[in-house]
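# need a structure here:
(chains A and B)
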Amino acid sequence: DTAVSQTPKYLVTQMGNDKSIKCEQNLGHDTMYWYKQDSKKFLKIMFSYNNKELIINETVPNRFSPKSPDKAHLNLHINSLELGDSAVYFCASTEGVLSYEQYFGPGTRLTVT
Amino acid sequence: AQSVAQPEDQVNVAEGNPLTVKCTYSVSGNPYLFWYVQYPNRGLQFLLKYITGDNLVKGSYGFEAEFNKSQTSFHLKKPSALVSDSALYFCAVRDRRGGFKTIFGAGTRLFVKA
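Now for the predicted structure:
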């Protein structure tokens, strides 16, 4: 059973399009995160939700909008995609906001052409 | 502000030799410290953490790390490297004073040669 899953695994799209990435965790965790890993492998947090409430909102373009329909799901919608959005996006979860160990999904490789 | 530095982009070691991957951190208060490993085309996997207590913490796959408060370091070590340890290693820190954010270092690629 996959603990944290993401769909799609790969996403190739053109500039200007709108796309969504979905994340689901079956661990019963309360807190979920989105990270962006750039081509140099640098990992940067974007958003975090705890029980469907936004608790971390880093300085990212407002073209990025997270949504958490329930605590097991955290989706990321990106409007008007740009070349610089090309990266691997990782979802992660923890038991609670102060829990230590993060469980990461396999990543979604987004390529904008 | 929190920050993590991993001074080496890559570490090369021969199989069977000891390995060290370096990490230094900066936080306002006392830190929680973590190491994660990333294999190609995979998500990060938790290796070990320092929360409190013994400065030497043991984790998965025979890895250990030593917390050194005076040097603000948390180096990852293993007594005998395996080829299968070759991967990307991330050090991470979180401020103990209730912060929700975990800050990751830039990563160090470990290459173990047979």
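# Please make it C-alpha for all contacts and neighbour counts, starting now.
Fine.
# shouldn't A:L74 be in contact with A:C23?
Yes - with contacts counted by Cα atoms under 8 Å, A:L74 reaches A:C23, the gap being 5.2 Å.
# tally of neighbours for the residue in chain B positioned nearest to chain A?
Nearest residue of chain B to chain A: B:G43, at 4.4 Å (Cα to the nearest Cα). By the criterion of other Cα atoms under 10 Å in any protein chain shown, B:G43 has 22 neighbours.
# any idea what sits nearest it, other than its immediate chain neighbours?
Nearest residue to B:G43, sequence neighbours excluded (Cα to Cα, 6 or more residues apart in numbering or on different chains): A:P106, at 4.4 Å.
# Can you give me the pLDDT of B:G53?
In this prediction, B:G53 carries a pLDDT score of 87.
# Over to B:F34?
pLDDT, B:F34: 95.
# Assign it to helix, strand or coil.
Here B:F34 is strand, with the state taken from DSSP: H, G, I helix; E, B strand; the rest coil.
# can you count the residues close to it?
Neighbour tally, B:F34, other Cα under 10 Å: 25.
# got the contact list for it?
B:F34 makes contacts with B:46-50, B:91-93, as judged by Cα atoms under 8 Å, 6 or more residues apart in numbering or on different chains.
# isn't B:G29 right up against B:R97?
Yes - B:G29 lies in contact with B:R97 (Cα under 8 Å); the separation is 6.8 Å.
# just the strands in the chain please.
Unless you meant another one, I'm taking chain A. Assigned by DSSP state E, chain A shows strands spanning A:4-7, A:10-13, A:19-25, A:31-37, A:43-50, A:53-57, A:64-70, A:73-78, A:87-94, A:103-104, A:108-112.
# Chain B is the one I meant
Listed in chain order, the strands of chain B (DSSP E) span residues B:3-5, B:10-14, B:19-21, B:24-26, B:31-38, B:44-50, B:56-58, B:64-68, B:73-78, B:87-95, B:103-104, B:108-113.
# Please work out which of the ones you listed is packed deepest.
Most buried of the strands of chain B by mean neighbour count (mean count of other Cα atoms under 10 Å in any protein chain shown) is strand B:87-95; its value is a mean of 25.
# what pairs with that one, and is each one parallel or antiparallel?
In the sheet, strand B:87-95 lines up against strand B:31-38 (antiparallel), strand B:103-104 (antiparallel), strand B:108-113 (antiparallel) (DSSP bridges).
# Just give the closest residue to the residue nearest in space to the middle of chain A, not the sequence neighbours.
Centroid check for chain A by Cα atoms, centre = their mean gives A:W34 as the closest residue, at 3.2 Å. Nearest non-adjacent residue to A:W34, counting by Cα to Cα, 6+ apart: A:C91, 4.7 Å away.
# What of A:G84?
A:V112 (7.8 Å).
# So in terms of bridging, what pairs with the one you found?
With DSSP bridges as the rule, A:V112 is bridged to A:T13.
# Bridged to B:L110, which residues?
Taking DSSP bridges as the rule, B:L110 bridges to B:V11, B:A87.
# so what's it up against?
B:L110 neighbours (Cα under 8 Å, 6+ apart): B:10-13, B:21, B:85-89.
# let's go with 6 Å and repeat that
Shown here is B:L110, whose contacts under the criterion Cα atoms under 6 Å, 6 or more residues apart in numbering or on different chains are B:10-11, B:86-87.
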